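Student: Predicted model and sequence below, questions to follow.
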Amino acid sequence: MTKTLIIGNGNVLTRDPADPWVAGGAVACADGKILALGPTAELRRRYPGAEYLDAQGGLIMPGLVNAHQHTYSAFARGLSIPGNTPSNFAEILEGTWWRLDRRLSPEATYYGALSFFLESLRCGVTTVIDHHAGYGSIAGSLFGIEEAARLAGLRACLCFEVSDRDGPDKAEAAIRENADFIAHARAAGDGTIGAMMGLHASFTLSDATLERCRAATPEGVGFHVHVAEGMSDADHCRKTYGASIVERFDRAGILGRNSVAAHCIHVGRSDIETLAARGACVVHNPESNMANAVGCPPVLDMARAGVLVGLGTDGYTNDMLESLKAANCLLKHDSKDPSAAWAEVPAALFSGNREIANRVLGADVGTLKPGAGADIAVFDYRPFTPMDASNADGHILFGLSGRQARHAVVAGRVVYRDGAFPALDGEEIAAKSAEASAKLWKAVKDA
């Protein structure tokens, strides 16, 4: 048994209905699992000699999950591409994201992922479900991202975006990268790194490519795909295949309990019923959707229909609490109902994302209870109004930011403490990331 760790001297929000709140409490863990919860003094007496992490009166809660992220977009931050003035979503893809991903090197892929993973931990995010695109360097890219995740110390589920947009050879290489990494992750089976078959979107995937992806995906492994993000994609599917995108993907056998359907903006009632019937996971990405002007998904309708809805950032940010606030405002604005989304949005982040992570990683995270994975975030938050489990979501929505994260623990290991990464040389990583991003920017601008 490894040395016990106690995170104490804080209010514990467990997300466990049986014991939801421990005022002035602590969490004890060892061997990657939670051992016990209770008053700080009591746990310190029970586990003498344990390592102690002081929450300093803050909020102790489960580490957050980002259910849809693009770490390959990290080095686009601040990038301005000459002549790139998109007026619609298709032009955003072609002028920015595809132009960038075609020039990603292994170095840029690795350091971009590492930069985003470290920033995620700084925001209390301990699990990232990533969707990678990098047609400049396909083979081995997921293994490089895994290396970055393991160095940072968080959990990650990875896939490569299969697309026909750069021709059949690269589509086949992307399928092979997914298949190789799926086999690797399943062999490891440690609940730290997971794998899925990644797909871009309907309008860049032929039926033949979908069939090859289905054939290359083992039973029990899901697909991670963009669904009806842009209206042009939905229109293309109707015109080309005589079906909605959800109908097309359902026929191809890629919607199921372990599959992640990102966005689902332009979907109808029958699509929602299909998503619910298949048990597919839908991930809402509010800031990205607003920034790309692609619309607002019917999240409230999906939640009422029993669809498992989660929350992601789509590369826009690493702060899931920022995404929580944006989703709350967007759904109220879209529905023109100020009473909407109070329950659905927190449920997406704290319940939906927990379930999605557990499905795709096979790790029991997102709840602080004995036996669960010891993934814990501590936030520097001392409320000036009464707080307990009954109103915690309101406190988080209006009073908390991801940037207030003080500590992060993953599988019982302290990976972020008081604004620093104990096992890493942050200055060296920052310098190498700056070098890699400068090379990438030059390649993109010179293209």
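Tutor: It's in. Numbering: from 1, shown residues only.
Student: What's opposite the residue nearest to L13 when sequence neighbours are not counted in the beta bridge?
Tutor: Distances taken as C-beta to C-beta, 6 or more residues apart in numbering place M61 nearest to L13, at 4.3 Å, with adjacent residues excluded. In short, each C-beta sits where N, CA and C put it, glycine included. Beta-bridge partners of M61, counted by DSSP bridges, are A377.
Student: now M61: how far from V309?
Tutor: Distance, M61 to V309, using C-beta to C-beta, to the nearest Å: 20 Å.
Student: Of those two, which one has the most company?
Tutor: Remark: of M61 and V309, V309 carries more neighbours, 28 against 25, as counted by other C-beta atoms under 10 Å.
Student: Give me the three-state assignment for that one.
Tutor: Secondary structure state of V309, per DSSP: H, G, I helix; E, B strand; the rest coil, is strand.
Student: quick one: it and M302 touch, right?
Tutor: Yes - assessed by C-beta atoms under 8 Å, V309 is found in contact with M302 at 5.5 Å.
Student: any shared contact partners between those two?
Tutor: Common neighbours of V309 and M302 (criterion: C-beta atoms under 8 Å, 6 or more residues apart in numbering): V282.
Student: count of neighbours near D337?
Tutor: D337 has 11 nearby residues by other C-beta under 10 Å.
Student: so where's the stretch 101-250 of the chain shaky on pLDDT?
Tutor: Applying pLDDT under 70 to the stretch 101-250 of the chain flags no residue at all.
Student: just the helices in it please.
Tutor: Remark: helices assigned in the stretch 101-250 of the chain by DSSP state H, counting those that start in this stretch are 106-122, 141-152, 168-188, 207-215, 231-241, 245-251.
Student: wait, which of those helices is closest to C281?
Tutor: Nearest of those to C281, taken as C-beta to C-beta: helix 245-251 at 13.2 Å.
Student: which strands and helices sit next to the next helix or strand after that closest one?
Tutor: Later in the chain than helix 245-251, the nearest helix or strand by DSSP states H and E is strand 260-263. Judged by 3 or more C-beta pairs under 8 Å, 6 or more residues apart in numbering; DSSP states H and E, the packing partners of strand 260-263 are strand 64-69, strand 223-227, strand 281-284.
Student: Columns distance to A156 and mean neighbour count on top of those, output as JSON lines?
Tutor: Below are those laid out as JSON lines (distance: least, C-beta to C-beta, whole Å; neighbours: other C-beta atoms under 10 Å):
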{"stretch": "strand 64-69", "distance to A156": "9", "mean neighbour count": "30"}
{"stretch": "strand 223-227", "distance to A156": "12", "mean neighbour count": "28"}
{"stretch": "strand 281-284", "distance to A156": "15", "mean neighbour count": "30"}
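Student: For A291, give its distance to S73.
Tutor: 12 Å.
Student: who has more neighbours, these two?
Tutor: S73 (22 against 12).
Student: and that one, helix, strand or coil?
Tutor: Under three-state DSSP, S73 falls in the helix class.
Student: follow-up on the earlier one: the residue nearest to L13 contacts R15, correct?
Tutor: Yes - between M61 and R15 there is a contact at 7.2 Å, judged by C-beta under 8 Å.
Student: Need the residues touching each of these two.
Tutor: With C-beta under 8 Å, 6+ apart, M61 and R15 have common neighbours L368.
Student: Burial check on the closest residue to G352 other than its chain neighbours, number of neighbours?
Tutor: Of all residues not flanking G352 in the chain, G310 sits nearest, at 3.8 Å (C-beta to C-beta, 6+ apart). G310 has 27 neighbours, counted by other C-beta under 10 Å.
Student: residues in contact with the residue positioned nearest the centre of the chain?
Tutor: The structure's the chain has its C-alpha centroid closest to N66; by C-alpha atoms, centre = their mean the separation is 2.5 Å. Contacts for N66 (C-beta under 8 Å, 6+ apart) come out as 120, 125, 127-129, 312-313, 318, 320, 353.
Student: for S141, same thing?
Tutor: For S141, counting by C-beta under 8 Å, 6+ apart, the contacting residues are 104, 106, 109, 132, 134, 160, 177.
Student: Name the nearest residue to P218, ignoring sequence neighbours.
Tutor: I182 (6.4 Å).
Student: To clarify, my last question referred to A201.
Tutor: Closest residue to A201 apart from its sequence neighbours, by C-beta to C-beta, 6+ apart: H226 at 4.3 Å.
Student: ok, the one you found touching F203?
Tutor: No - counting by C-beta under 8 Å, H226 stays clear of F203, with 9.8 Å between them.
Student: Quickly list what's touching both of the two.
Tutor: By C-beta under 8 Å, 6+ apart, the residues touching both H226 and F203 are D233.
Student: count of neighbours near R382?
Tutor: By the criterion of other C-beta under 10 Å, R382 has 13 neighbours.
Student: again but with G352, I slipped
Tutor: Neighbourhood size, G352 [other C-beta under 10 Å]: 26.
Student: can you pull the contacts of G373?
Tutor: For G373, the contacting residues are 32-34, 191, 363-365, 411, by C-beta under 8 Å, 6+ apart.
Student: and the residues you listed, which of them are in helices?
Tutor: Judged by DSSP state H, helices contain none of the contacts of G373.
Student: Please render the residues you listed as a markdown table that adds distance to A348 to the earlier fields.
Tutor: Below are these laid out as a markdown table (distance: C-beta to C-beta, whole Å):
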| residue | distance to A348 |
| --- | --- |
| G32 | 26 |
| K33 | 26 |
| I34 | 24 |
| G191 | 23 |
| A363 | 19 |
| D364 | 19 |
| V365 | 16 |
| A411 | 24 |
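Student: Dump those to a markdown table, plus neighbour count and distance to A113.
Tutor: Listed next are these as a markdown table, based on neighbours: other C-beta atoms under 10 Å; distance: C-beta to C-beta, whole Å:
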| residue | neighbour count | distance to A113 |
| --- | --- | --- |
| G32 | 17 | 23 |
| K33 | 14 | 27 |
| I34 | 24 | 28 |
| G191 | 17 | 20 |
| A363 | 21 | 20 |
| D364 | 17 | 25 |
| V365 | 25 | 20 |
| A411 | 22 | 19 |
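Student: could you measure G8 against A411, distance?
Tutor: Here G8 is placed at a distance of 19 Å from A411 (C-beta to C-beta).
Student: now swap in D19 and tell me
Tutor: Taking C-beta to C-beta as the measure, D19 and A411 are separated by 21 Å.
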